[in-house]
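Visitor: have a look at this fold, sequence not included:
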Ligand SMILES: Nc1nc2c(ncn2[C@@H]2O[C@H](COP(=O)(O)OP(=O)(O)O)[C@@H](O)[C@H]2O)c(=O)[nH]1
Ligand SMILES: Nc1ncnc2c1ncn2[C@@H]1O[C@H](COP(=O)(O)OP(=O)(O)O)[C@@H](O)[C@H]1O
């Protein structure tokens, strides 16, 4: 029995620090997993690069990918489509590599229904006030978008019980450490299950 890679799904409301935590994880543990670059119809922000932060596409291109079965999951978030291209994820998992997805809650639940070897982590803010402060401090969204994202955040926080783990992003370094510990213990759990199956199959 060979071990396929594990899917690590990180969700959380806009502004909680998913991107910041993910970048810190890549820096510290980058050899241990592959990050899946999402596709979106949102306009690139000032420092975002096509093919690094996202694949930025038109609505027509995105809908074409959906029709062709090219997305593992997708969702509409505030006024745009976001989704995970299927091919890269499958290739990496088949190679035994873990893959990190940073996606919103509806997409995460689609993945949950399709993939067995996954760990679902919800990154939560210390409180809603600091969440709004973080979005404002980032300075990438106008006040109307911030309002929409804060409404979305309340809906998303209500859904955090659908996740395996909740990690509070109080300090980036601590959040990264907690996520790393979760991944390590999930690996151990999967290895134990695999080895007990191997024993059972070997016994017969
Ligand atoms: N379902 C899904 N959500 C995604 C994907 N990529 C990003 N998102 C989510 O879409 C939401 C909006 O992302 P973005 O506009 O980059 O804003 P930010 O997360 O506040 O920086 C966030 O919750 C992301 O986690 C994806 O491939 N699929
Ligand atoms: N633990 C933290 N404490 C304080 N500020 C944070 C923390 N994590 C992230 N931030 C800041 O919050 C803002 C939003 O972070 P970002 O990573 O863009 O969030 P997301 O990807 O979840 O929308 C950024 O300005 C970032 O520097």
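Guide: Done, it's in. If you're wondering where the values come from, they're calculated on a predicted model, not measured in any experiment. Ligands and ions are numbered 1, 2, ... in the order given.

Visitor: how about the residues of this structure by ligand 2?
Guide: 12, 14-20, 134, 137-138, 169, 171-172 (Cβ under 6 Å from any ligand atom). (Glycine included, C-beta is placed from N, CA and C.)

Visitor: quick one, helices of this structure?
Guide: Under the criterion DSSP state H, helices of the chain are mapped to 18-29, 59-67, 86-94, 105-114, 128-138, 143-158, 172-203.

Visitor: closest one to ligand 1 among those?
Guide: helix 105-114 (2.3 Å; Cβ to the nearest ligand atom).

Visitor: and the contacts of the closest one?
Guide: With Cβ atoms under 8 Å, 6 or more residues apart in numbering as the test, helix 105-114 has contacts from 7, 9, 11, 72-75, 82-84, 101, 103, 118, 120, 156, 159, 162-163.

Visitor: pull out the buried positions in that helix.
Guide: 105-112 (16 or more other Cβ atoms under 10 Å).

Visitor: confidence score at the most centrally placed residue in the chain?
Guide: Residue closest to the mean C-alpha point of the chain, counted by Cα atoms, centre = their mean, is residue 102 at 2.2 Å. pLDDT for residue 102: 96.

Visitor: pretty sure it is touching residue 38, no?
Guide: Yes: assessed by Cβ atoms under 8 Å, residue 102 is found in contact with residue 38 at 7.4 Å.

Visitor: export the buried residues of helix 105-114 to CSV and tack on pLDDT and distance to residue 202?
Guide: Output for the buried residues of helix 105-114, formatted as CSV (pLDDT from 0 to 100; distance: Cβ to Cβ, whole Å):
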residue, pLDDT, distance to residue 202
105, 93, 41
106, 93, 42
107, 96, 39
108, 96, 36
109, 95, 37
110, 95, 36
111, 96, 32
112, 94, 31
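
Visitor: nearest to residue 96 among these?
Guide: Set against residue 96, the nearest of the buried residues of helix 105-114 by Cβ to Cβ is residue 111 (18.9 Å).

Visitor: state the distance from that closest one to residue 11.
Guide: Going from residue 111 to residue 11 by Cβ to Cβ, to the nearest Å gives 10 Å.
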